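Novice: just coords:
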Ligand SMILES: Nc1ncnc2c1ncn2[C@@H]1O[C@H](COP(=O)(O)OP(=O)(O)OP(=O)(O)O)[C@@H](O)[C@H]1O
Ligand SMILES: Nc1ncnc2c1ncn2[C@@H]1O[C@H](COP(=O)(O)OP(=O)(O)OP(=O)(O)O)[C@@H](O)[C@H]1O
Ligand SMILES: [Mg+2]
Ligand SMILES: [Mg+2]
């Protein structure tokens, strides 16, 4: 007997499994949110029993997020919450809807409730490889990272790059800048221009549609290399060297399918390099053999534990064991 | 009697127009207006739980509206409510986070007072700049809004950052600080602070009609020079009006945090009530009673909007379009209403002196 | 690596341009007595309309025309509410803001589900001039919009201070009764002022989307509208003040962007700040005690520049704090709002 | 008696009727104005003078009736149509933009093409007008810095520049010093001489008889009579205006001065220098002087609005140390200020609230910060009847009262508190004969009851008629104090213009 007419959940009585999706960002942000949605969609396409009933996006404010989650939970079997910023909101809502399973993306909160699983990928590991490659490619030995709001999943890219760069060349300095908005192209452009003016010649963009701005800044200064995150965007700009690819599609497809089947275990599930969910990839024709070899090497060393990620590279891990796949 | 009929008719007309507009938009994206209406109703008043949410969300809007009314009556047109809500909220949060283990009543009062103090203080800057440096309150308040946002952004990343996962959010407030909610409402969504709606409305009306302070406030607002020449200190009046309105806004900030369902400080918790509150007041033609109604309407627009998204996959943007449309239509209606009145009675009074109102007392 | 180099000036200029364009429009509108708090919405309308046009006919010129049309549309709504129906301008503005954001987002999702990207405005490099040390890259290697902005500001200055229309404008915003008695149509003037501001805001919006970066994102104007309004008010409803305000905003924002990607605040920042304060003190000749204290502190920081990096928020708040300080120091005398600002004009008051 | 203006008739109104809701402000008015004449339009407050002239100048549209100019029918929907036809009005509340220069105010006009700059042309036209009428303006001065007289001159120049041939003056002397009035009177004659037509709305018969050729009296919105000045007497006109003959002012009983109530010792404020002035209980002290001799400074300093450089003010025995309006009223002072619209009334509040503006804030009407509305209402009603304030009720918005009634309300507020001192500045400005008599009677009664009155006025006749002693103010100094007996226009005039020291 808990809020939001959870009795209406009967609406989803038939044998199909309904899924609701809530994101703080716009659904067509050409990045994080869009990939997550794609992942869910993939799961749905693969299984006729699954149904994506509704999407609540632009839920920027906690109150709104909670209401959104509640309405979704009341009418769906699985609710996908896209982003660690939703942790608290989920923590509030999940206990009220025990028979709905919540999938939190890019967060590794343990045991909020028996019906919550946090699925994340250790992007920082990817960042280490990217950092090493960028450092190697940099003439000025100045590289940088530009992200939206200053949140752990973004700073992870910075710390990862810093560590990776140090491995390649201790002299390399890594800058970071935050536009406070993954999708503000103008600010991104200005930030990139500023960074280039400061001498950086390799820039990683942890932005969604904001990346466009970084491309344009790079166009303006010959020899500037750009690195994406999550997916390869090689066709979008000639300056793109590669990307710390994250196979959200597979990760989420797996998780959502399991969640729907009720087999997804509660707690934090983090995908690392081993799983193949993460990998640094070069754009066709980009990257020297030396760099490619370097990428191989670092990847291997991380996987077999010779290189240990430093503080900040992995998302903050609450004091509990969590399984890395 | 006839006037009343006209009034009702106009309001019905507005409602109809708004609904029509909404229906057209919904049809444009292939959602049946019928379903939408049901979803909207369920989401706002359909169940006790949701009704509770709606009413609880109306409170902060209403508080801001009252803040505007007070300042406006004193002729001080400041628009610093977003900033005052934010700072009030921050102050309340800062206190609340320390209140672990403090007896409930004490904790709650402390948070409320902290909120009021925060808002009043932030408004105090505006008041000081106006009274002693002659800075137009509308300018300084506008700028201070933008400053307040940055203060919040910094707090949730720095001093008040407290969540385990290092998101830009504070830790959850201790249970003892949360404002009590009506137990009988499932989900406990109906906070007791809704009693503020009638109470404060009555209090304000009484203040303006029955107290010397309220009278002097109105006089200073009506004609600053005449007030001064008749032994009223308009600077004192202006300052107290601005500070009081700031206090109300600050209380709204506290209510957002401690009466809502999200007991933590996060960026953007202000959620636009600062400006919407002004709209609430002006749509109610600065009548405290009317503001109760308009506040509830606005709140239901917010809540209903979210449930429309969740239930029918209506994009968030559409709900804000609806909000804008409602404001515009209500404005027009209110105006037409006044026109008909004017037609019956002589033209509006003349001898107001805006220039002297804008002139500054240094 | 210096902060105050040419790249810095260039970025400051690009940040300033759209704000300046929009603010000039708002200034004209407010001088006529109509305050549009929803400028942000108008900017968005321009940004989206321009983008939408581009998605249909891929042509920059038409794109900007589209943007202007979009701005005019919302401005017209503002005019309708403020001038014809005579509703409260502040609520009307709030409504315009909400509508602008909602409509553009909604229409974007509806008509352009797949985000598209276009080439931004090309930079026009004027052969010889662009080689001049500083001014070259700053002025003669810019896109057309920067030029257009400068032209518009110049034009506005002429119209406001050198023409009868300018006089009527001031009169309408100050004493509509007088304008009316002199046969100036208060309605007509306010309409044209509001529409002008709509057109300029539309153009500025179009620049933000298709001009600067060649894409549209919902709510992509990121508060520039409010900045423009703040600039008008802080500029004391004069063009000179407006320019100063926008300059402050743009420069601090540019500094902030540069500092973010630096490990520590370089000494030259402190030096610059110290110079600024000194200049301020010399100009105002007031608040010597406080100012002096600040000055000394800054000089000290400049000498032994410690390795500190201040939170971004501080830098982001800086423009507004500076504006407030300037206002407080400047005092009342300097700025008075147009007496009839936000007041609808009713003939029987004649 | 209706003397027909004859062949060179300029404006002819026939059957003009104007209603505001149920109220008829103008009732079937027939009126003829001729070129080359000064035509006085008389009537009580609210008789319909301003309304009628607002109709003539296209500010209002008549509900019935027709107008013809030079024999051809005309109808004006907007003021500039009237202006184009050559009809211009100098309003009581000037239509100037204070933040612009005088030149810019002249240049202000519908701009056909946006880029046109009318400044040069305006300067030329101003020069032409100066050549023909001798009216000179200071083109580059901000209107805000100009005195009332200078502003009025600018208004006139504005009209003449626009080619106005029929000029209407609505209570022009209300804000002028005698000197300025004499100039204006000369100008009117001169304009009439050049063939212009001039309409003068005034409540001062002395003025009317000094300049006008013909007169028309309105009563209750209808024409009560019209004729040539030559063939009439003030008494007759008053009778027409009021409906009965107003009791002639009783001879003043000699004053019986008591203890000093207001004692001002070498007070220096801005323009004002070392002013010594004493007002005893039971006497009316008049302050004569041309506008801007320091009257405003004197009042504002005593009230505490303007900080004084030096000097002391003593009110009913107690020295006002920190001068504030509060202290002034607490010490038993009362003030009827000059600028009613700006500093006396709150237009947005009700008549009742304005009458009780101060009483409402202390016992007995208020206790421990709480107001006794019932008592307040009763008091307001009582005073409204006692002071003959005409209004629909104590809840009528102040702005809706006619100036005359607004003034009566102020009078009620100030005199009802049994003050020991009343400072009255231009107390009958804009009031009709009856209201004027009323104010004079009240002030005299107050003095007879043993109250002290400081009467500050630029109207010599008024000062002489009321005062027991007269202090003459010039260039911020008291040039001399005369007893009513020895005070003649000439002697006062001499002192006024005595300018051994230039400020
Ligand atoms: N716009 C209006 N709406 C309603 N009533 C009006 C309006 N204008 C004038 N009146 C009424 O018409 C009457 C005549 O007003 P008018 O100004 O013509 O009198 P007046 O002769 O000018 O008075 P005064 O001598 O005080 O100037 C007044 O009683 C006033 O109440
Ligand atoms: N909107 C209105 N409603 C009712 N009466 C009005 C209105 N506007 C003007 N009036 C009346 O019209 C008349 C003309 O206004 P005006 O200010 O000229 O009055 P007045 O008696 O001349 O005042 P003053 O003596 O201060 O000049 C006044 O009687 C005023 O009451
Ligand atoms: Mg009149
Ligand atoms: Mg009058």
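Specialist: Sure thing, it's come through. Predicted model, so just to flag it, every value in this text is computed and none were measured. Ligands and ions are numbered 1, 2, ... in the order given.
Novice: contacts and neighbour counts: CA atoms only from here.
Specialist: OK.
Novice: for the chain, what spans make up the helices?
Specialist: No chain in the question, so chain A it is. A:32-46, A:62-75, A:87-93, A:123-137, A:152-168, A:185-197, A:211-220, A:248-261, A:289-303 (DSSP state H).
Novice: nope, chain C
Specialist: Here chain C has its helices, by DSSP H, at C:6-31, C:39-56, C:60-79, C:89-111, C:135-139, C:144-162, C:164-174, C:176-181, C:186-206, C:224-234, C:239-260, C:267-284, C:288-303, C:312-330.
Novice: before we move on, the earlier item: just say which of the helices of chain A is most tucked in.
Specialist: Among the helices of chain A, judged by mean count of other C-alpha atoms under 10 Å in any protein chain shown, the one packed with the most neighbours on average is helix A:123-137 (a mean of 29).
Novice: before we move on, back to that, redo the helices of chain C as JSON lines? Include mean neighbour count and mean pLDDT.
Specialist: Listed next are the helices of chain C as JSON lines, based on neighbours: other C-alpha atoms under 10 Å in any protein chain shown; pLDDT from 0 to 100:
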{"stretch": "helix C:6-31", "mean neighbour count": "26", "mean pLDDT": "91"}
{"stretch": "helix C:39-56", "mean neighbour count": "31", "mean pLDDT": "96"}
{"stretch": "helix C:60-79", "mean neighbour count": "24", "mean pLDDT": "95"}
{"stretch": "helix C:89-111", "mean neighbour count": "24", "mean pLDDT": "87"}
{"stretch": "helix C:135-139", "mean neighbour count": "18", "mean pLDDT": "67"}
{"stretch": "helix C:144-162", "mean neighbour count": "17", "mean pLDDT": "92"}
{"stretch": "helix C:164-174", "mean neighbour count": "28", "mean pLDDT": "93"}
{"stretch": "helix C:176-181", "mean neighbour count": "26", "mean pLDDT": "88"}
{"stretch": "helix C:186-206", "mean neighbour count": "28", "mean pLDDT": "96"}
{"stretch": "helix C:224-234", "mean neighbour count": "27", "mean pLDDT": "87"}
{"stretch": "helix C:239-260", "mean neighbour count": "22", "mean pLDDT": "86"}
{"stretch": "helix C:267-284", "mean neighbour count": "16", "mean pLDDT": "77"}
{"stretch": "helix C:288-303", "mean neighbour count": "15", "mean pLDDT": "79"}
{"stretch": "helix C:312-330", "mean neighbour count": "20", "mean pLDDT": "79"}
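Novice: save these as CSV, and put in distance to chain A too.
Specialist: Output for those, formatted as CSV (distance: least, C-alpha to the nearest C-alpha, whole Å):
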stretch, distance to chain A
helix C:6-31, 6
helix C:39-56, 12
helix C:60-79, 17
helix C:89-111, 8
helix C:135-139, 13
helix C:144-162, 15
helix C:164-174, 34
helix C:176-181, 41
helix C:186-206, 12
helix C:224-234, 11
helix C:239-260, 5
helix C:267-284, 14
helix C:288-303, 20
helix C:312-330, 8
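Novice: and the ones you listed: which comes nearest ligand 2?
Specialist: Comparison of the helices of chain C against ligand 2 by C-alpha to the nearest ligand atom identifies helix C:176-181 as nearest, at 13.5 Å.
Novice: residues contacting residue D:127?
Specialist: residue D:136 (C-alpha atoms under 8 Å, 6 or more residues apart in numbering or on different chains).
Novice: from residue C:164, how far off is it?
Specialist: According to C-alpha to C-alpha, to the nearest Å, residue D:127 and residue C:164 sit 19 Å apart.
Novice: re earlier: how about the helices of chain C in CSV, adding distance to residue D:297?
Specialist: Output for the helices of chain C, formatted as CSV (distance: least, C-alpha to C-alpha, whole Å):
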stretch, distance to residue D:297
helix C:6-31, 34
helix C:39-56, 45
helix C:60-79, 45
helix C:89-111, 39
helix C:135-139, 56
helix C:144-162, 36
helix C:164-174, 27
helix C:176-181, 29
helix C:186-206, 37
helix C:224-234, 34
helix C:239-260, 35
helix C:267-284, 30
helix C:288-303, 33
helix C:312-330, 28
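Novice: next, work out how far apart residue B:156 and residue A:68 are.
Specialist: Residue B:156 is 23 Å from residue A:68, by C-alpha to C-alpha.
Novice: before we move on, the earlier item: so which of the helices of chain C comes closest to residue D:133?
Specialist: Closest to residue D:133 of the helices of chain C is helix C:176-181 (C-alpha to C-alpha; 22.8 Å).
Novice: just for the chain, where's the confidence low?
Specialist: No chain was given, so I picked chain A. Along chain A, segments meeting pLDDT under 70 span A:1-14, A:108-112, A:316-325.
Novice: could you do chain B instead?
Specialist: Using pLDDT under 70, chain B drops low at B:1-4, B:7, B:11, B:163-165, B:338-362.
Novice: return the nearest residue of it with respect to chain D.
Specialist: Closest to chain D within chain B is residue B:226: 3.8 Å, counting by C-alpha to the nearest C-alpha.
Novice: host element of that residue?
Specialist: Assigned by DSSP states H and E, residue B:226 belongs to helix B:224-229.
Novice: is chain C contacted by that helix?
Specialist: No - Helix B:224-229 lies out of reach of chain C by C-alpha under 8 Å from any C-alpha of the partner chain, never closer than 14.4 Å.
Novice: next secondary structure after that helix?
Specialist: Remark: after helix B:224-229, the chain's next helix or strand is helix B:234-258, criterion DSSP H and E.
Novice: touching chain C at all, whichever helix or strand comes after that following helix?
Specialist: Note on helix B:234-258: by DSSP H and E, the next helix or strand toward the C-terminus is helix B:273-283. Yes - Helix B:273-283 reaches chain C (C-alpha under 8 Å from any C-alpha) through B:275-276, B:278-279, B:282-283.
Novice: export the residues you listed to JSON lines and tack on neighbour count?
Specialist: JSON lines is the format used below for the residues of helix B:273-283 next to chain C (neighbours: other C-alpha atoms under 10 Å in any protein chain shown):
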{"residue": "B:275", "neighbour count": "21"}
{"residue": "B:276", "neighbour count": "26"}
{"residue": "B:278", "neighbour count": "26"}
{"residue": "B:279", "neighbour count": "30"}
{"residue": "B:282", "neighbour count": "22"}
{"residue": "B:283", "neighbour count": "24"}
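Novice: so which of the residues you listed is the closest to ligand 2?
Specialist: Among the residues of helix B:273-283 next to chain C, and counting by C-alpha to the nearest ligand atom, the member closest to ligand 2 is residue B:282, at 22.8 Å.
Novice: looking at it, that closest one is touching residue C:94, isn't it?
Specialist: No - using C-alpha atoms under 8 Å, residue B:282 is not in contact with residue C:94; the gap is 11.1 Å.
Novice: strands of the stretch 301-450 of chain D, start to end?
Specialist: Remark: strands assigned in the stretch 301-450 of chain D by DSSP state E, counting those that start in this stretch are D:310-315, D:318-319, D:333-336, D:366-367, D:370-371, D:421-425.
Novice: got those strands as CSV, with mean neighbour count and mean pLDDT columns?
Specialist: CSV is the format used below for the strands of the stretch 301-450 of chain D (neighbours: other C-alpha under 10 Å; pLDDT from 0 to 100):
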stretch, mean neighbour count, mean pLDDT
strand D:310-315, 19, 89
strand D:318-319, 14, 86
strand D:333-336, 26, 93
strand D:366-367, 16, 86
strand D:370-371, 22, 91
strand D:421-425, 25, 94
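Novice: in CSV: these, plus distance to ligand 1.
Specialist: Formatted as CSV, the strands of the stretch 301-450 of chain D follow (distance: least, C-alpha to the nearest ligand atom, whole Å):
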stretch, distance to ligand 1
strand D:310-315, 34
strand D:318-319, 39
strand D:333-336, 18
strand D:366-367, 32
strand D:370-371, 31
strand D:421-425, 18
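Novice: could you export those strands as JSON lines, including distance to residue A:146?
Specialist: Below are those laid out as JSON lines (distance: least, C-alpha to C-alpha, whole Å):
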{"stretch": "strand D:310-315", "distance to residue A:146": "67"}
{"stretch": "strand D:318-319", "distance to residue A:146": "72"}
{"stretch": "strand D:333-336", "distance to residue A:146": "69"}
{"stretch": "strand D:366-367", "distance to residue A:146": "66"}
{"stretch": "strand D:370-371", "distance to residue A:146": "62"}
{"stretch": "strand D:421-425", "distance to residue A:146": "71"}
